[in-house]
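Q: Quick check, what structure comes out for this input:
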Amino acid sequence: MQTHFESEENQYKIERIAEASLFMANKTLSFAQLCELTKTNEETLLKALETLKAKYEMDERAIEVLVNNEAKTAAMQVRVKWLPAVAALTEKIELAKKSTKFLALIAKKGELLQSDLRKYFKGDIYEYVGELRNKGYLDRVKKGHSWILKPTKKFHEEFQITVGEMPELPLSEQKQEGGKEETSEEKGE
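A: Next up, the predicted model:
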């Protein structure tokens, strides 16, 4: 019969192995993969992941643990708030600061009409959307007189961000002043 102490020790070990696994993988892992690595069942793994997630949230760390019960996956990622500050460490990612903010908002929403970007940003949105599309971070599908913008697979691979799990941008970062108005050529993009 297992004592309470042994159970707590085992849970601690499962949390540490899950944390190390998510860090080392640097991508989303399935519950099945994590169960295999931690040598435990899904119920025990979920308890460990939720405890780990809560610890990262409690300290308001720059890293967060995401748990998707529907998809049965978990991931560790940099919080969106801190991406612009550390983006320079990733050689692959060279984006204008405003483009990074556009991308963060679109990823948070999962998809967004290009025309709706005006609700969040002022100035020339077409230049930044063009940059994101040219670098392969956004896909678009025609809808009426606008385009539906969605993050691409490349976005998810390079940023390791799960759609819909990102916090809202602070209002001060959503509303940008200035910038030029778009021309009729840019509107047609």
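Q: My understanding was that Ala107 contacts Glu158; is that so?
A: No - when contacts are counted by Cβ atoms under 8 Å, Ala107 is not listed as touching Glu158 (11.7 Å). Heads up, the C-betas are built off the backbone N, CA and C, glycines and all.
Q: Look at these two and report which has more neighbours.
A: It is Ala107, of Ala107 and Glu158, that has more neighbours when counted by other Cβ atoms under 10 Å, with 25 against 15.
Q: which element is the more buried one on?
A: The secondary structure element spanning Ala107 is helix 97-109 (assigned by DSSP states H and E).
Q: which helices and strands sit right next to that helix?
A: In terms of contacts (3 or more Cβ pairs under 8 Å, 6 or more residues apart in numbering; DSSP states H and E), helix 97-109 is packed against helix 83-86, helix 125-134, strand 146-151, helix 153-159, helix 171-174.
Q: what is the mean pLDDT for the fourth one?
A: In this model, helix 153-159 has a mean pLDDT of 77.
Q: Can you mark which positions in it are buried?
A: For helix 153-159, burial by neighbour count (16 or more other Cβ atoms under 10 Å) applies to Phe155, His156, Phe159.
Q: how close does the second one get to Gln77?
A: So that's His156. 10 Å (Cβ to Cβ, to the nearest Å).
Q: and if you look at the first one?
A: The span separating Phe155 from Gln77 equals 12 Å under the rule Cβ to Cβ.
Q: The last one now?
A: When distance is defined by Cβ to Cβ, Phe159 is 8 Å away from Gln77.
Q: Please, where are all the strands along this protein?
A: Under the criterion DSSP state E, the chain carries strands at the ranges 29-30, 63-68, 73-78, 112-113, 138-143, 146-151.
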